[in-house]
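Undergrad: coords below, sequence missing:
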């Protein structure tokens, strides 16, 4: 699109004739089905055939507009255009006119051309978001002044429930509208655009229950409980109900939860303890909300504990626009991100990784990181994202403090990004959604010890469409990297969403439709130093959000490490221990990214030992995958072999 094809919209610019309005819009609540009616009243100049009214939805997390399927080629217009009933329809158009004009609907998904709208500012703005667009093309005859174009989005007359609202609340979302008044391709923003509405959270709908994954014998611990709406957000209003908790497993305990209708909506069931080695329990919460069960807790007298976190969180400063004081994806401050992690999802560690530390927001985000660091109870990390054509990475720092903004001429290309941090042991970079953007030729093994195998974008583990709904770049999967000899541990995160550990499908980006993932690390204590070292040494694993307890070793060597064999003929003894959050469907052991063994399970726990007697090659490695019957998954970090 050339610059002459669209008019930049500024507060005082000349806006297209006619009036745009949202004449039917119920209160918008996350995740509900709704029907919206847009109306455009034609201005004094009228509209000739081939003029286009273009409406933009707030983002791609709303239902895709489904328009009727034309029976013939697009060139067959007007009264000769007929439709076939072979496609679902949730979006329709009506023209209020005395003329013979007809409206032809089409839809597409795209970003607004930011370089045109923002007049060379080089930053994202609210209008730059990925959106679903609805076009009404005028055909057969002209429209006169006062005629109306009405678009029904979420039309239920043809079997659909309506149009679904995004799953994340926002204080302001924008419906935009543009007019091509003569069919020339020159679009001008309509006077009332953007139309702003608020998306509210829903009422209290479910409880989240979290217990520590590893506890010591006789050590009291708490079951932490929070209340959310159906989409995993803080609910709207207070929870006035009652909840009680009881343990399931190797301990008999029950009690009332002290919810007093207070906010934030979280409580604790204290004083629970396990006494015997390998004893396990879960906590069930019932009452005025549907039953909810915690992750498993396991008693272990020694060894590292398991801590859970999200290393890929975006606040309002991600793709930040200083004039609008908001980011492309979120209007949530870093402090709110950390509060959600501590009070709702009960994470142990979080990194906020907003884009470009050369922009405003870098310094206040770092200040918030230090403010929320609580050694022993909550770990916060500084970080940022570098999105490059050669691959996207989020950069994590081991230390706190507030650095100044990076210079505008900072080299974000390769090898410049690696060169800027090479030789430092307090920085790591995590490649993410590699199937969408990645060139593994640009890999630094010292700076990049782990890879994000899963996020709300889906799974980048292997080629194909399993947990993936987009184009895949050839040679960009995690398996491609492992088969090149790169030693990468497995982590998972959220991305896009400002709520760490929310783990519910749906953000403000329809191209990231999956629930966010979680990273588990094995560490002696909950501190920045211990968690960071666990990541560097690959003592970590990834899940799709379920707090599955996963142990995996080869010849007694744990995941992320290297087994040193004295001979290539030495057998490799593989041990697996999995305690799921739901019934385990199967566990796969892969060798060099090829299936070696797979075992079905009948309940939530699996203990499994096998031996590989084949001749070992120095490049061999093993890793593990867990599949639960409810769809949750986990990936271990690999274990590598060396001989001699």
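TA: Structure's in. What do you need? Since we're looking at a predicted model, the values are computed, not measured.
Undergrad: Can you give me the pLDDT of the residue sitting furthest away from the middle of the chain?
TA: The C-alpha centroid of the chain is most remote from residue 98, which lies 48.4 Å away (Cα atoms, centre = their mean). Predicted confidence (pLDDT) for residue 98: 96.
Undergrad: go on, residue 258?
TA: 68.
Undergrad: Is residue 591 bridged to anything, and to what?
TA: For residue 591, the beta-bridge partners under DSSP bridges are residue 594, residue 622.
Undergrad: Am I right that the residue farthest from the centre of the chain falls within a helix?
TA: No: secondary structure assignment (DSSP: H, G, I helix; E, B strand; the rest coil) places residue 98 in coil, not in a helix.
Undergrad: surely residue 287 meets residue 244?
TA: Yes: contact criterion Cβ atoms under 8 Å: residue 287 and residue 244 qualify, at 5.5 Å. Every C-beta, even on glycine, is put in place using the N, C-alpha and C of the backbone.
Undergrad: between the two, what contacts are shared?
TA: In terms of Cβ atoms under 8 Å, 6 or more residues apart in numbering, residue 287 and residue 244 are both contacted by the residues residue 257.
Undergrad: related to what we said a few turns ago, show the contacting residues for the residue farthest from the centre of the chain.
TA: 144, 147.
Undergrad: now it: how far from residue 147?
TA: Separation of residue 98 from residue 147 (Cβ to Cβ, to the nearest Å): 8 Å.
Undergrad: from memory residue 221 sits against residue 281, does it?
TA: No: judged on Cβ under 8 Å, residue 221 makes no contact with residue 281 at a distance of 10.2 Å.
Undergrad: what's the closest non-adjacent residue to the residue positioned nearest the centre of the chain?
TA: With distances taken as Cα atoms, centre = their mean, the residue of the chain nearest its centroid is residue 456 (3.2 Å). Nearest non-adjacent residue to residue 456, counting by Cβ to Cβ, 6 or more residues apart in numbering: residue 512, 4.0 Å away.
Undergrad: Could you do residue 36 as well?
TA: In space, residue 36 comes closest to residue 153 once its chain neighbours are excluded; the distance is 4.7 Å by Cβ to Cβ, 6+ apart.
Undergrad: tell me the pLDDT at the one you found?
TA: pLDDT at residue 153 comes out at 98.
Undergrad: ditto for residue 263
TA: Per-residue pLDDT puts residue 263 at 46.
Undergrad: Same question for the one 5 residues further on.
TA: Among the per-residue scores, residue 268 holds a pLDDT of 77.
Undergrad: Hmm, residue 225 and it touching each other?
TA: Yes: taking contacts as Cβ under 8 Å, residue 268 lies within contact range of residue 225: 7.1 Å.
Undergrad: quick one: which of these two has more around it?
TA: residue 225 (25 against 14; other Cβ atoms under 10 Å).
Undergrad: and the more buried one, what are its phi and psi?
TA: phi -130, psi 130 (degrees, to the nearest 10).
Undergrad: Which residues does it form beta bridges with?
TA: Beta bridges link residue 225 to residue 209, residue 267 when assigned by DSSP bridges.
Undergrad: From residue 517, how far out is it?
TA: Note on residue 225: its distance to residue 517, by Cβ to Cβ, is 22 Å.
Undergrad: quick check, distance from stretch 505-516 to the centre of its chain.
TA: Offset of stretch 505-516 from its chain centre (Cα atoms, centre = their mean, to the nearest Å): 5 Å.
Undergrad: can you check stretch 163-173 too?
TA: Distance, centroid of stretch 163-173 to centroid of chain: 15 Å (Cα atoms, centre = their mean).
Undergrad: Show me what counts as buried in that stretch.
TA: Neighbour counts over stretch 163-173 (16 or more other Cβ atoms under 10 Å) mark 163-170, 173 as buried.
Undergrad: Pipe these into TSV and attach pLDDT per row.
TA: Shown next, in TSV, are the buried residues of stretch 163-173 (pLDDT from 0 to 100):
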residue	pLDDT
163	98
164	97
165	97
166	95
167	94
168	93
169	94
170	93
173	93
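Undergrad: Which of those residues fall in strands?
TA: 163-164, 170, 173 (DSSP state E).
Undergrad: all helices for the stretch 1-150 of the chain, in order.
TA: 114-117 (DSSP state H, counting those that start in this stretch).
Undergrad: residue boundaries of the helices in the stretch 451-600 of the chain?
TA: 478-483, 528-536.
Undergrad: go on, the stretch 251-400 of the chain?
TA: Using DSSP H, counting those that start in this stretch, helices in the stretch 251-400 of the chain cover 334-343, 362-372.
Undergrad: Highest mean neighbour count out of those helices?
TA: helix 334-343 (a mean of 21; mean count of other Cβ atoms under 10 Å).
Undergrad: residues in contact with the closest residue to residue 370 other than its chain neighbours?
TA: Take residue 370 and drop its neighbours on the chain: the residue closest to it by Cβ to Cβ, 6+ apart is residue 400, 4.7 Å away. Neighbouring residues of residue 400 by Cβ under 8 Å, 6+ apart: 366, 369-370, 373, 382, 528.
Undergrad: export those to JSON lines and tack on pLDDT?
TA: Putting the contacts of residue 400 into JSON lines (pLDDT from 0 to 100) gives the following:
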{"residue": "366", "pLDDT": "96"}
{"residue": "369", "pLDDT": "97"}
{"residue": "370", "pLDDT": "97"}
{"residue": "373", "pLDDT": "97"}
{"residue": "382", "pLDDT": "97"}
{"residue": "528", "pLDDT": "98"}
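Undergrad: That'll do, ta.
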